[in-house]
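Peer 1: Sequence and predicted model, in that order:
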There are 4 protein chains.
Amino acid sequence: MKETRLKYGMVGGGPGAFIGEVHRRAVRLDNKAELVAGSFSRDYKKTLITGRELGLDEDRLYDSFQEMAKQEAARDDGIDFVSITTPNHTHHQIAKAFLEQGINVLCDKPVTTTVAEAEELKELTDQSEAIFCVSYTYSGYPMVKEARRMIEEGELGELRMIMGEYPQEWLAVPADNKQAAWRTNPDQAGISNCMGDIGSHIEHTVSYMTGCEISRLSANLDIFVEGRELDDNGGVMIKYDNGVSGMYWASQVAIGNDNGLKVRIFGSKGSLEWEQENPNYLKFTKLNEASQILSRGHEYLGDAAQANSRIPAGHPEGYFEAFANVYSNFAAAVQAKKEKGNIDPDNFDYPKLEEGLRGVKFVKKCVESSKMDSKWVDFN
Amino acid sequence: MKETRLKYGMVGGGPGAFIGEVHRRAVRLDNKAELVAGSFSRDYKKTLITGRELGLDEDRLYDSFQEMAKQEAARDDGIDFVSITTPNHTHHQIAKAFLEQGINVLCDKPVTTTVAEAEELKELTDQSEAIFCVSYTYSGYPMVKEARRMIEEGELGELRMIMGEYPQEWLAVPADNKQAAWRTNPDQAGISNCMGDIGSHIEHTVSYMTGCEISRLSANLDIFVEGRELDDNGGVMIKYDNGVSGMYWASQVAIGNDNGLKVRIFGSKGSLEWEQENPNYLKFTKLNEASQILSRGHEYLGDAAQANSRIPAGHPEGYFEAFANVYSNFAAAVQAKKEKGNIDPDNFDYPKLEEGLRGVKFVKKCVESSKMDSKWVDFN
Amino acid sequence: MKETRLKYGMVGGGPGAFIGEVHRRAVRLDNKAELVAGSFSRDYKKTLITGRELGLDEDRLYDSFQEMAKQEAARDDGIDFVSITTPNHTHHQIAKAFLEQGINVLCDKPVTTTVAEAEELKELTDQSEAIFCVSYTYSGYPMVKEARRMIEEGELGELRMIMGEYPQEWLAVPADNKQAAWRTNPDQAGISNCMGDIGSHIEHTVSYMTGCEISRLSANLDIFVEGRELDDNGGVMIKYDNGVSGMYWASQVAIGNDNGLKVRIFGSKGSLEWEQENPNYLKFTKLNEASQILSRGHEYLGDAAQANSRIPAGHPEGYFEAFANVYSNFAAAVQAKKEKGNIDPDNFDYPKLEEGLRGVKFVKKCVESSKMDSKWVDFN
Amino acid sequence: MKETRLKYGMVGGGPGAFIGEVHRRAVRLDNKAELVAGSFSRDYKKTLITGRELGLDEDRLYDSFQEMAKQEAARDDGIDFVSITTPNHTHHQIAKAFLEQGINVLCDKPVTTTVAEAEELKELTDQSEAIFCVSYTYSGYPMVKEARRMIEEGELGELRMIMGEYPQEWLAVPADNKQAAWRTNPDQAGISNCMGDIGSHIEHTVSYMTGCEISRLSANLDIFVEGRELDDNGGVMIKYDNGVSGMYWASQVAIGNDNGLKVRIFGSKGSLEWEQENPNYLKFTKLNEASQILSRGHEYLGDAAQANSRIPAGHPEGYFEAFANVYSNFAAAVQAKKEKGNIDPDNFDYPKLEEGLRGVKFVKKCVESSKMDSKWVDFN
């Protein structure tokens, strides 16, 4: 019978990796794509182990991502897109290899470790027919999409103030596990640890919800744990193009917090508050009225929140489901492109390469400002 | 290459069905089993539609569950287990058909609509080599498992009082959707709606956490929405064998609640509190100490909570992940049985048929007591 | 200059007493009455100590409450009302002494330890010109008054289900302090400890909010701590005259709870939820709408909530302020009676003797039912 | 008999005033001082009205604060201290008048509108024997005192990061009530509205809890509501002397917030979180442990928290009780001075003039920095 699911391959996600397996679970949840190829590790033996565990054909387990890009592009039944789940500093070269073969890409954030690299990918993508998704997971939450709709439709009036924060505890002491190692190593993580790893999530979530564009920013990055080379805490003051003010705080030394991403948006007519650890709810207050607790799955919510939910209100959806939404929305675009030859990405609700580029730039600007004693730096 | 995943089939879950798709997603999340056969609807055309959408071979799409049981039992590569996701009143005959073929069964709760039927299944299971899982989803939550461990290890001292509640809003007015229709229809739902559908979840969650066995109970079931034939609200007072007291409340007319299952356990040395809508946390208080908020994913938790988690603390896991845990633990038992020929089900953490039988009995006893003006009725 | 404040006296509240001092603070907060006389202890020396600390004239410090009643009644500038803050079993005789002198009474709850005594006080009050307030503190909270208004005005539709609970931890182990001693002693506390002390608060708060009258009830009272003579935990199932169902739970062995009074009211159009430990908020949900968090001090609240608040929203008012509201509303009635000679108590929002009588009856009925193996007992 | 209470007078607090009445209630709650004199308004008729309502002798109702200072100083039974509850810009001259007469002062915050004025008061106080309290209410909350104790005793390890915020909604639109009028008027409020009125509360609460001294700060103040002359929103980045980083946010346009003062302190070993709207609790997390919810009134708390509580855990104390603590601690100092002639103010837990001076400086530095495009400014 006819198999209508998309085919995808993965680079990264070998034995011991964390995020690659998260990607694979998220894809399976909605079943819009099937994993058929992989280069899961720089060590081919490990690629074989993971590939076998996943039941893949061995002739689609590749020694290198370059080989994979080339051979998959050559196959009639080649992959529809590749997922890149490797450490930050390798994203650029891997994405490039697939884009050059015209293969669609979904890449972990940060999309690259330098702005120049991200811009190069942007150029490549513009020239190719490939589309590019950056997996900003949190934008996949239904209530984040509801916030975006409400703000777009003016339910908050003119925006004024944005508060974003992302506190974590896990690097409050020197850590030596694999996850910590590459993130705190400038060679693998790039110019920033905390602001790059989680501050960038504040930036994206705020931007996705509000559409506000940063005009300039002033940042202070700290290193609190001795011996660390990159920031583990940081604050940013922001001015957006439309006169809105913002403050972001990201920290990996904030004991008592796991993944405490929280965004609060204040306008002239109302406000919104959303927390990643309790993601099925959205607090909404209109001027002079009682606060309302909007709950995922209810009919009073807009189309995007509905379309990105699977089960009724009160049965919590979580991180995997948000991740699956990113994939499903990207898969819809890939499918449409496959069927129609061409699409307008703006009609599809997945995080675009531009957003990834903006994120890399945000981190760069924060580092720049912090080095100049928190001087305001223009964003563009 | 060798495919190590289990194979399973499904009865129910055709076009427009809700819970069948939840099962399939939950299975895919962990990928321990692959759907290969189905009789998704009593209407074979609908079975074909669903089967094709799911990419199944047509020769494993069956006109009836009887056919499916027979033919799958006959195949060398027949299914390792069947998932039954049909309305309550059909569970018994379907489960029976597969048990008689020696096929392992996972069945939605309530496992049957009468105690006699459940007892018959129990007998059949005991005689066969098949194992039987009842999909009590909430017992799959990691923090429910942590509560069980803590109580078992005496962290609460001697238990005294148990408060369980499960309020919902969705039947506060007459509802005519498919989900509401069969649940409020005595022909399909059996002798109880509210206590059967959700009261039984309180019963199981409490029992799973504490091991307390009900000695006797006094129940009052209400019908608040005019024209309804079955209960939509109910309260139960309970005495357990060990002298513990309990109160349960289930309601489908409790405006402002979605799936508000909440269990509180009080002992001589401490207490626990868990809520399904915020399932990654467990409130624990020791006598004369500050309350603690235990959070899924942390190293201070016990083995079962850890083994049933996939991602670090602060990235919420939800309903699908709990459901997936039920499947994964059952799959582990099926796999072990397949490899070793025989297993002790008590070594595996999935809800057993005994628990399903007890649930059916609980509902029956509540209805009995309520009909006798809340007279206490003995449980055994 | 003219002093317009009322004058009051107190029985009880001597050295080491707790609640008497709470009364005095609450009165001072609003300054509608001035303490001028007292019989603070059965030991006159202690009365002198407390009286002097409070700056009272010694000729108004009395050896006995009988003496106080007589002499104050004889004075031109005698007290306008007496506050009775002694242990439960003494309320009756003290109240009687003052009523017989025509002196207005404010008495702690339970107003007496037997129904007969309460009925006698009722008769005495009806015959005299005195008015009688029972200090049910929680009815003084502004958001409890808002709930009452909303229900009265039909914002919840027809009521269906009421859930009330009051868990505490403090008697989870044998306690030997003064507060614990008299409450667990049948000679001083009467026939019930837990249900009498705190179950009665559920009864009153529910009744005050909803106006629902209990038709019959079925109760189970437990003694969990060895050696205790009176209940320390209890559950009640209730049917009200209007067909509403209810469940109450009171416990003094619920580790992790301080004064967790919580009331939830469900109707055909909406629901309310209020918690004493977070008393400035009221959760309100309309059918199919997002839950709202009403906050004390906002203009969207009704008159009674406004009139019983002193400061704007967001600066919490607590237990003393609720207590002060009881006093201020009672003082308004006493003042009006003083000025006009006669008043209709129903025009004043203080807890009446009828409510105290009903509370004593509630406790009696719970004990009765529990002794008859939770048989339903009619309330009237 | 001997009246041992202190005597105090008040400047401000006439008809229509808000905060003066709050002061008087707070004082009465604990009854450590009695109001005996006042100049409640610049309009003597209004002073008479308020004075009579309060039952004061008319010869202690004064036409002007100057008169009051002089005459009270001359009386044998003159006031022990004066409470100043007038608009900000008048604090300086009034305080000065009483200090010059050697009368102890309790003054609302901000103590003055310029640093020079505050320094002058400081000099005057140092030269006189008078003591001076600035009524920073929030430092009176028991759990704020507990936080201070825990940090002082090293329970958080070395401090790293401090997050303070104080969002309000009430000025989200142009407001024309009395409270709003003077606060947004530079002539009466001074150089800042939002940062002066509520940002200063963040500054004080943080400083009181942690003892951290600000080394330098960078601020951005906004005016969002058109036509307003002073800031209604502002953010501050801070460096403390000990290397700790901080971020403060104050806003009067934050719809959905009443008095949302919240302080989070992060150290190398643990963290604390406290919210003014739920002030009886303190969240405490040790590295790698479950978060704890400390509750006012429990025996596991330290001495200061206990000494500043009146009732057991679970009966909420609120704003008035915090205010009363400020007064009671100041009254204890005044009483001690009265008895011993001399005291060391550091032995008494009331907010000192130095703290008020620091607050005025904080506001000044914020305005300075904001005017220089958020340039860092040194605090000293």
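Peer 2: Good, I have the coordinates. Numbering: from 1, shown residues only, chains lettered A, B, ... in the order given.
Peer 1: hey, let's count contacts and neighbours off CA atoms from now on
Peer 2: OK.
Peer 1: wait, what's in contact with residue A:85?
Peer 2: A:10-13, A:19-20, A:91, A:107-108 (CA atoms under 8 Å, 6 or more residues apart in numbering or on different chains).
Peer 1: May I ask which of those residues has the most neighbours?
Peer 2: Ranked by neighbour count (other CA atoms under 10 Å in any protein chain shown), the contacts of residue A:85 have residue A:10 at the top, with 29 neighbours.
Peer 1: about what we covered before: kindly reformat the contacts of residue A:85 as a markdown table and extend each row with secondary structure.
Peer 2: Output for these, formatted as a markdown table (DSSP: H, G, I helix; E, B strand; the rest coil):
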| residue | secondary structure |
| --- | --- |
| A:10 | strand |
| A:11 | strand |
| A:12 | coil |
| A:13 | coil |
| A:19 | helix |
| A:20 | helix |
| A:91 | helix |
| A:107 | strand |
| A:108 | coil |
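Peer 1: is stretch A:212-229 anywhere near chain D?
Peer 2: Yes - using CA under 8 Å from any CA of the partner chain, stretch A:212-229 reaches chain D at A:222, A:224.
Peer 1: Quick check, the residue in the stretch 251-380 of chain A closest to chain C?
Peer 2: Closest contact between the stretch 251-380 of chain A and chain C, by CA to the nearest CA, is at residue A:292 (4.4 Å).
Peer 1: How is that residue assigned, secondary-structure-wise?
Peer 2: strand.
Peer 1: Nearest residue to it in space, please, no chain neighbours.
Peer 2: In space, and not counting its chain neighbours, residue A:292 is closest to residue C:292: 4.4 Å by CA to CA, 6 or more residues apart in numbering or on different chains.
Peer 1: shouldn't that neighbour be in contact with residue C:281?
Peer 2: No - assessed by CA atoms under 8 Å, residue C:292 is found out of contact with residue C:281, at 9.8 Å.
Peer 1: tell me how far the longest helix seen in chain A is from the chain's mean position?
Peer 2: Counting by DSSP state H, the longest helix found in chain A is helix A:319-340. Here the centre of helix A:319-340 is set off from its chain's centre by 14 Å, with CA atoms, centre = their mean, to the nearest Å.
Peer 1: Buried ones in the following helix or strand past it, by neighbour count?
Peer 2: As assigned by DSSP states H and E, the chain's next helix or strand after helix A:319-340 is helix A:353-371. Within helix A:353-371, the residues that count as buried by 16 or more other CA atoms under 10 Å in any protein chain shown are A:353-370.
Peer 1: what helices or strands is helix A:353-371 leaning on?
Peer 2: helix A:115-127, strand A:132-134, helix A:200-210, strand A:214-222, strand A:377-378 (3 or more CA pairs under 8 Å, 6 or more residues apart in numbering or on different chains; DSSP states H and E).
Peer 1: what's the closest of those to chain C?
Peer 2: Proximity to chain C, assessed across the helices and strands packed on helix A:353-371 by CA to the nearest CA, is greatest for helix A:200-210 (20.4 Å).
Peer 1: which sections of the stretch 1-150 of chain A are below the confidence cut-off?
Peer 2: Along the stretch 1-150 of chain A, segments meeting pLDDT under 70 span A:1-3.
Peer 1: What segments of it are strands?
Peer 2: Using DSSP state E, counting those that start in this stretch, the strands found in the stretch 1-150 of chain A span residues A:6-11, A:33-39, A:81-84, A:104-107, A:132-134.
Peer 1: And the second one, how far out from the chain middle?
Peer 2: Averaging C-alpha coordinates over strand A:33-39 and over its chain gives two centres that are 20 Å apart (CA atoms, centre = their mean).
Peer 1: The residue nearest to residue A:292: neighbouring residues, count only.
Peer 2: Residue C:292, neighbours per other CA under 10 Å, totals 23.
Peer 1: what about it, distance to residue A:181?
Peer 2: Using CA to CA, to the nearest Å, we find residue C:292 at a distance of 45 Å from residue A:181.
Peer 1: Please parse chain A into its domains.
Peer 2: Domains of chain A are assigned by automatic domain parsing as A:6-130, A:141-311+A:359-378.
Peer 1: what does chain A put close to chain D?
Peer 2: A:160-161, A:169, A:172-173, A:222, A:224, A:235, A:237, A:245, A:247, A:253-256, A:266-271, A:284-288, A:290-291, A:375.
Peer 1: What residues sit buried inside stretch A:57-66?
Peer 2: Buried residues in stretch A:57-66, counted by 16+ other CA under 10 Å: A:60-66.
Peer 1: what's the span of it from first residue to last?
Peer 2: 18 Å.
Peer 1: How about that stretch and chain B, touching?
Peer 2: Yes - against chain B, stretch A:57-66 shows contacts by CA under 8 Å from any CA at A:57-58.
Peer 1: and residue A:316, helix, strand or coil?
Peer 2: Classified using three-state DSSP, residue A:316 is coil.
Peer 1: how close does the spatially closest residue to it that is not a sequence neighbour sit to residue B:277?
Peer 2: Nearest residue to residue A:316, sequence neighbours excluded (CA to CA, 6+ apart): residue B:318, at 4.8 Å. Residue B:318 sits 9 Å away from residue B:277, going by CA to CA.
Peer 1: Same check on residue A:208?
Peer 2: In terms of CA to CA, residue A:208 sits 26 Å off from residue B:277.
Peer 1: if we can go back for a sec, for the contacts of residue A:85, give me CSV that also has distance to residue A:346.
Peer 2: Converted to CSV, the contacts of residue A:85 look like this (distance: CA to CA, whole Å):
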residue, distance to residue A:346
A:10, 25
A:11, 26
A:12, 28
A:13, 29
A:19, 27
A:20, 27
A:91, 24
A:107, 18
A:108, 20
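Peer 1: Intersect those residues with the contacts of chain B.
Peer 2: The subset of the contacts of residue A:85 within reach of chain B, counting by CA under 8 Å from any CA, is empty.
Peer 1: Not counting sequence-adjacent ones, nearest residue to residue A:24?
Peer 2: By the measure of CA to CA, 6+ apart, the closest residue to residue A:24 outside its immediate chain neighbours is residue A:35, 7.7 Å from it.
Peer 1: ok so, going back, emit the ChimeraX select command for whichever of the residues of chain A next to chain D are buried.
Peer 2: Buried residues within the residues of chain A next to chain D, by 16+ other CA under 10 Å, are selected in ChimeraX with:
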select /A:160,161,169,172,173,222,224,235,237,245,247,253,254,255,256,266,267,268,269,270,271,284,285,286,287,288,290,291,375
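Peer 1: of the strands of the stretch 1-150 of chain A, which approaches residue B:86 most closely?
Peer 2: Among those, strand A:33-39 comes nearest to residue B:86, with 27.5 Å by CA to CA.
Peer 1: between that closest one and helix A:319-340, how many degrees?
Peer 2: Computed with axes from the mean of the first three to the mean of the last three CA atoms, to 10 degrees, the direction of strand A:33-39 lies at 90 degrees from that of helix A:319-340.
Peer 1: Contacts made by strand A:33-39 with the rest, please.
Peer 2: For strand A:33-39, contacts defined as CA under 8 Å, 6+ apart pick out A:5-12, A:24, A:27-28, A:47, A:51, A:56-57, A:60-65, A:68, A:79, A:331.
Peer 1: Around chain B, pick out the residues from the stretch 201-350 of chain A.
Peer 2: A:257-260, A:276-278, A:313-320.
Peer 1: which one among these gets closest to chain D?
Peer 2: Using CA to the nearest CA, residue A:257 comes nearest to chain D of those, at 9.0 Å.
Peer 1: From residue A:9, how far off is the residue nearest to the spatial centre of chain A?
Peer 2: Centroid-nearest residue in chain A: residue A:136, 1.5 Å away (criterion: CA atoms, centre = their mean). Using CA to CA, we find residue A:136 at a distance of 19 Å from residue A:9.
Peer 1: Sweet, I'm off.
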